[in-house]
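Trainee: sequence first, predicted model second:
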Amino acid sequence: MRGGTRLDAQPERAAATSRLIGGLASARTFESLRDRDFRWFFIATLGLNATMNMQLLARGYLVFELTGSYAALGTMALFLSVVMLGFSLYGGVLADRSSKRVMVQLGELGGALTAAAVAVLLFMDQLRYEHLLIAAMAQGATSGMIFPALQSMPPEIVGPSRLQNAVSLNMAGMNSMRLLGPTLGGILLAIIGAEWVYVLMTALFVVSIVLFLRVPKRAPEPSQTSKRGGIGEIREGVSYALRTPTVFLLLALSFVTSLLGMPYIRILPGFVADVLNGDAAQLGLMMSVAGLGSLVGALALASLAPRGRGKLLLLSVAVTGLGLTAFSASSNYLLSLLLMGIVGLGEAGRQALNNVLLHTHVDDAYRGRMASIFMMQVGTMALGAFAVGLISEVVGPQVGLGSFSLLLVLTAIAAYALVPRLRDMQ
């Protein structure tokens, strides 16, 4: 009887243990959302991320529809990124010396005005490629104000103990909007036209501005504020990055991997149209599947303990490169959807872990400026997109994208083998 009792109890104990483990995992995954301030930050960021993803889809679609040129897509990305680079360095200085929340709201206001102007031109049937270039540069300026402040807010809201969880959850929110935004944008583009997509983007910017009012306004400590002035503070930040080996390695990795791994986003509208014979709705679905892969990756990362993060970062880079290499070789739409999900999974790990490790190792006084330098990876992404666009014009998008993807895989292997400081980061 005793043996039978123990055997009967074992399934119950196993089930109880399973429920307990499941509960703990769930609690760990969403731990940062217990913080009221972070909840409002998370919700406010959702509207901003939805708008950015819809804008990426709509502008790329309009440019390719107006020009039919991969080079035009790459040129637009280059214009946006050059302006963003110029503004983001000073945006990082402002984030270190003033309220990060106010910086985000001012940038969103500029984004709302730009989206509204494009909507008006579309309703008047007056939109030209040159207008989209101007809008891209305006977005570069506003993004240069928004993102250094936005990326450096989670550490001061949740503190270092929850940083990996908070950054991963924020990325999960971003990628949920990457999943829903392009789908909605693609449907609206196909059914009622681009003008209503831009109307919706304007409204989402305004909603996000209002929601950010619920996030406490924090100013930096006087002891953390430099007195050197704008240019001096930029130089001070660059000097700090160069003389701090761990920070330098993380920034260098972000630049190289963005150069090689991110150009696919800019040429995807043309790739879907020419290689996969897709339309706007299928383009939106493709971007949404990438967002789904990133969402899964970000939630998994939010559940993990902060150990072995350097190895996991390099593994994520390799997964992104391998997924993109296979994607570039595919001409089957369904297979390409699956591969794009794998790319999104790798990208979530690369972006979140690079960001978390950077904020873990940077001093508080330099947080905004390091976030602005981190944002300069958008410039290397634009250079990569420009190069891939030109190569695609000559030899086709599959060769152009595939060559960069293979280099990304080799970068991950070389960093793992040759850079132990990066590989062994915790």
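Mentor: Okay, I see it. Numbers count the residues shown, from 1 in each chain.

Trainee: am I right that residue 416 is in contact with residue 316?
Mentor: No - assessed by CB atoms under 8 Å, residue 416 is found out of contact with residue 316, at 11.8 Å. All C-beta spots, glycine's among them, are computed from the backbone N, C-alpha and C.

Trainee: between those two, which is the more surrounded one?
Mentor: residue 316 (24 against 18; other CB atoms under 10 Å).

Trainee: that one and residue 166: what is the separation?
Mentor: According to CB to CB, to the nearest Å, residue 316 stands 18 Å off from residue 166.

Trainee: now the terminal residues of stretch 237-252, how far apart.
Mentor: 15 Å (CA to CA, to the nearest Å).

Trainee: also stretch 294-311?
Mentor: End-to-end distance for stretch 294-311, by CA to CA: 18 Å.

Trainee: what comes up buried for it?
Mentor: Neighbour-count burial for stretch 294-311, with 16 or more other CB atoms under 10 Å as criterion, is recorded at 294-299, 301-304, 309-311.

Trainee: between the residues you listed, which sits nearest residue 82?
Mentor: residue 294 (26.3 Å; CB to CB).

Trainee: so that closest one is in which element?
Mentor: helix 280-303 (DSSP states H and E).

Trainee: after that helix, which helix or strand is next?
Mentor: helix 309-329.

Trainee: for the protein, just list every one of the strands.
Mentor: Ranges of strands in the chain, per DSSP state E: none exist.

Trainee: where does it dip in pLDDT?
Mentor: Low-confidence segments of the chain (pLDDT under 70): 1-28, 178-179, 182, 219-230, 378-379.

Trainee: that older thread, tell me the helices and strands packed up against the helix holding residue 294.
Mentor: With contacts taken as 3 or more CB pairs under 8 Å, 6 or more residues apart in numbering; DSSP states H and E, helix 280-303 sits against helix 2-29, helix 36-67, helix 163-191, helix 264-274, helix 333-361.

Trainee: between these, which gets nearest to residue 134?
Mentor: helix 36-67 (11.6 Å).

Trainee: buried set for that closest one?
Mentor: For helix 36-67, a neighbour-count test (16+ other CB under 10 Å) marks 38, 40-64, 67 as buried.

Trainee: check stretch 153-161 too.
Mentor: 153, 154, 155, 157, 158.

Trainee: in a markdown table, list those along with distance to residue 218.
Mentor: Formatted as a markdown table, the buried residues of stretch 153-161 follow (distance: CB to CB, whole Å):
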| residue | distance to residue 218 |
| --- | --- |
| 153 | 8 |
| 154 | 12 |
| 155 | 11 |
| 157 | 8 |
| 158 | 13 |
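
Trainee: tell me which of those is nearest to residue 237?
Mentor: Using CB to CB, the buried residues of stretch 153-161 come closest to residue 237 at residue 155, 16.3 Å.

Trainee: in helices only, show me the buried residues of stretch 153-161.
Mentor: Judged by DSSP state H, the subset of those located in helices is 153, 154, 155, 157, 158.

Trainee: can you pull the contacts of the last one?
Mentor: By CB atoms under 8 Å, 6 or more residues apart in numbering, residue 158 lies in contact with 32, 35, 38, 165, 166.
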